[in-house]
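Peer 1: show me how the following folds:
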Amino acid sequence: MMDLTGRILIAMPGMEDPRFAQSVVFICAHSDEGAMGLMINKLADDLKLSDLLEQLDIEAAPGARQMPIHFGGPVESGRGFVLHEAGYQSSISTLEVDARFSMTATLDILEDMAAGEGPGRALIALGYAGWGPGQLEDEIGRNGWLICDASADLVFGTSNGAKWSAALAVLGVDPLVLSAEAGTA
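Peer 2: Next up is the predicted model:
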């Protein structure tokens, strides 16, 4: 089994689940027990960080940065996750994905961000995408996903509307030539 932790999944045009159509998913963890990732190119109903902070009774400092909230996936859609550059460490718990990326799912990171601290580059998501043992490998085998390397520029610096085609470009693939049909040569 190839470890996909820290890699990007790119939904193929024939993706069976409409929630994942043209999605770009950053894989935070992958093992024999399954996989967990965050969709990084779909927004959660015009929610912004200020809305989330207000719901959680966290006061934002004047000038605290504003950012959209992403739809991370259909599992536990009320739970928040912050994908961020490595270097920031929560006082409670941060998952080090690899040398470049980390993920924190505890309230203290939002408190730090509200205070104008926290990670320099981050993406906030509600919910996540999850796969059971062998499920993701099966979807890849059925032509559901392409895999590319992740970069901070792709994850944090590319607009949501451009991430799918930008991820394909990492592989040298033109979206116009993709087919939803799988085949063998």
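Peer 1: helix or strand for the residue nearest the centre of the chain, which one?
Peer 2: Residue closest to the mean C-alpha point of the chain, counted by CA atoms, centre = their mean, is L38 at 3.0 Å. L38 belongs to strand 34-39 when elements are defined using DSSP states H and E.
Peer 1: could you do W164 as well?
Peer 2: Here W164 sits within helix 160-170, counting by DSSP H and E.
Peer 1: returning to what we had before: quick one: buried residues of the strand holding L38?
Peer 2: A35, M36, G37, L38, M39 (16 or more other CB atoms under 10 Å). For every residue, glycine as well, the C-beta is placed using N, CA and C.
Peer 1: how close does the second one get to Y128?
Peer 2: Okay, so that is M36. Taking CB to CB, to the nearest Å as the measure, M36 falls 6 Å from Y128.
Peer 1: now the third one
Peer 2: Using CB to CB, one gets 7 Å for the distance from G37 to Y128.
Peer 1: follow-up on the earlier one: strand partners of the strand holding L38, parallel vs antiparallel please.
Peer 2: Strand pairing for strand 34-39, determined by DSSP bridges: strand 24-31 (antiparallel), strand 122-131 (antiparallel).
Peer 1: any chance of CSV for the buried residues of strand 34-39, columns pLDDT and distance to H70?
Peer 2: Below are those laid out as CSV (pLDDT from 0 to 100; distance: CB to CB, whole Å):
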residue, pLDDT, distance to H70
A35, 96, 18
M36, 97, 15
G37, 97, 12
L38, 97, 7
M39, 97, 6
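Peer 1: and which of the residues you listed is nearest to L56?
Peer 2: Using CB to CB, L38 comes nearest to L56 of the buried residues of strand 34-39, at 19.2 Å.
Peer 1: so what's the closest one closest to, chain neighbours aside?
Peer 2: Nearest non-adjacent residue to L38, counting by CB to CB, 6 or more residues apart in numbering: G72, 4.2 Å away.
Peer 1: now swap in S23 and tell me
Peer 2: In space, and not counting its chain neighbours, S23 is closest to A11: 4.5 Å by CB to CB, 6+ apart.
Peer 1: what's across from the one you found in the sheet?
Peer 2: Here A11 sits in beta bridges with W145, going by DSSP bridges.
Peer 1: wait, what's in contact with it?
Peer 2: A11 makes contacts with F20, A21, Q22, S23, V24, V25, G144, W145, W164, as judged by CB atoms under 8 Å, 6 or more residues apart in numbering.
Peer 1: overlap in contacts of M36 and Y128?
Peer 2: Listed as contacting both M36 and Y128 by CB under 8 Å, 6+ apart are C28.
Peer 1: fine, thanks again, bye for now.
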